[in-house]
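S.K.: Take this sequence and fold it.
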Amino acid sequence: MDNEAKITLGLLNMVHDNAQASQRSMADGLGIALGLANAYLKRCVKKGLIKISHAPANRYAYYLTPHGFSEKSRLTAEFLSQSFNLFRHARTAGADIFGECQSRGWIRVALFGASDLAEIFTLSARDFDIELVGVIAELPNASEFAGLPVIAPATCDAAAIEAIVICDISDPQAAYNAAIRILPKSRVLAPRFLGVIDPKSLTDGGPA
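M.R.: Alright, predicted model coming up:
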């Protein structure tokens, strides 16, 4: 991933996390000059990735457009395709997610998505009192992935699963959307770095 893509991804992540962020805080967070942050922000607006709205006290609010969310997911996948980045983020995220499952008493957990992330999570899960029941994925020619049975989304038995963890790196939002058709949203967990959101909030332009 080149430096331009890294800055763009960082900017999109900041807008996703805080619509009220100032350009100064964006520049500081990215470690770049204010003028450069402003140039990248304008470029993202021109590309239709970010929408700017007026906010109180003569400030601005920034929102990701649907195109912006898609680009953020694409850049995140590119970033995580570098194995060191993926492993470093996944080990911490796995501990957080499986710790939450254990504390809530969700023992039978399924992974959604056959990916390198799913393989790392099978290792993380061993440190917790949970049971990985399978990998939910469309893999018609495979019965197992990472030592777990493959479960087609259409045949997934929700009664046999207490929680789902999103592991799809290529299109995590689509995986999340499919998973919440199997279990309630409260029982579908995703690493923060995948950037998934409730699909109901994915509107063109964000709040009024």
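S.K.: now for the lengthiest helix in the chain, which elements pack on it?
M.R.: With residue count as the measure and DSSP state H as the assignment, the chain has helix 83-104 as its longest helix. Judged by 3 or more CB pairs under 8 Å, 6 or more residues apart in numbering; DSSP states H and E, helix 83-104 is in contact with helix 66-80, helix 116-124, strand 163-166, strand 188-189. Using the backbone N, CA and C atoms, a C-beta is placed for each residue, glycine as well.
S.K.: and among these, the most buried is which?
M.R.: Between the helices and strands packed on helix 83-104, strand 163-166 has the highest mean count of neighbours, a mean of 26, where neighbours are mean count of other CB atoms under 10 Å.
S.K.: which residues are contacting the helix or strand following that one?
M.R.: Secondary structure here is assigned by DSSP states H and E; on that basis, the next helix or strand after strand 163-166 toward the C-terminus is helix 172-179. Where contact means CB atoms under 8 Å, 6 or more residues apart in numbering, the residues beyond helix 172-179 that reach it are 69-70, 73, 76, 112-113, 136, 153, 164, 166-168, 188, 190, 194-197, 199.
S.K.: domains for the chain, by residue range?
M.R.: Per automatic domain parsing, the domain ranges recorded for the chain read 3-79, 82-194.
S.K.: Include mean pLDDT when you put these into TSV, please.
M.R.: Putting these into TSV (pLDDT from 0 to 100) gives the following:
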stretch	mean pLDDT
domain 3-79	88
domain 82-194	93
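S.K.: Highest mean neighbour count out of those domains?
M.R.: domain 82-194 (a mean of 18).
S.K.: Quick one: end-to-end distance for it.
M.R.: This stretch, domain 82-194, spans 15 Å end to end (CA to CA, to the nearest Å).
S.K.: Now do it: distance to the chain's middle.
M.R.: Centroid displacement of domain 82-194 relative to its chain, using CA atoms, centre = their mean, to the nearest Å, is 12 Å.
S.K.: before we move on, back to that, restricting to C-alpha, output the longest helix of the chain in PDB.
M.R.: Listed in PDB are the C-alpha atoms of helix 83-104, where the atom choice follows Å, rounded to 0.1, in the frame of the first residue of the first chain:
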ATOM      1  CA  SER A  83       0.300 -10.500   6.600                       C
ATOM      2  CA  PHE A  84       2.100  -8.600   9.400                       C
ATOM      3  CA  ASN A  85      -0.600  -5.900   9.600                       C
ATOM      4  CA  LEU A  86      -3.300  -8.600   9.700                       C
ATOM      5  CA  PHE A  87      -1.700 -10.700  12.300                       C
ATOM      6  CA  ARG A  88      -0.900  -7.700  14.600                       C
ATOM      7  CA  HIS A  89      -4.500  -6.400  14.400                       C
ATOM      8  CA  ALA A  90      -6.200  -9.800  14.500                       C
ATOM      9  CA  ARG A  91      -4.600 -11.100  17.700                       C
ATOM     10  CA  THR A  92      -5.700  -8.200  19.700                       C
ATOM     11  CA  ALA A  93      -9.200  -8.100  18.100                       C
ATOM     12  CA  GLY A  94      -9.600 -11.800  18.600                       C
ATOM     13  CA  ALA A  95      -8.900 -11.600  22.300                       C
ATOM     14  CA  ASP A  96     -11.400  -8.700  22.700                       C
ATOM     15  CA  ILE A  97     -14.100 -10.500  20.800                       C
ATOM     16  CA  PHE A  98     -13.800 -14.000  22.300                       C
ATOM     17  CA  GLY A  99     -13.400 -12.400  25.800                       C
ATOM     18  CA  GLU A 100     -16.800 -10.700  25.200                       C
ATOM     19  CA  CYS A 101     -18.300 -14.000  24.000                       C
ATOM     20  CA  GLN A 102     -17.100 -15.800  27.100                       C
ATOM     21  CA  SER A 103     -18.300 -13.100  29.500                       C
ATOM     22  CA  ARG A 104     -21.700 -13.100  27.900                       C
END
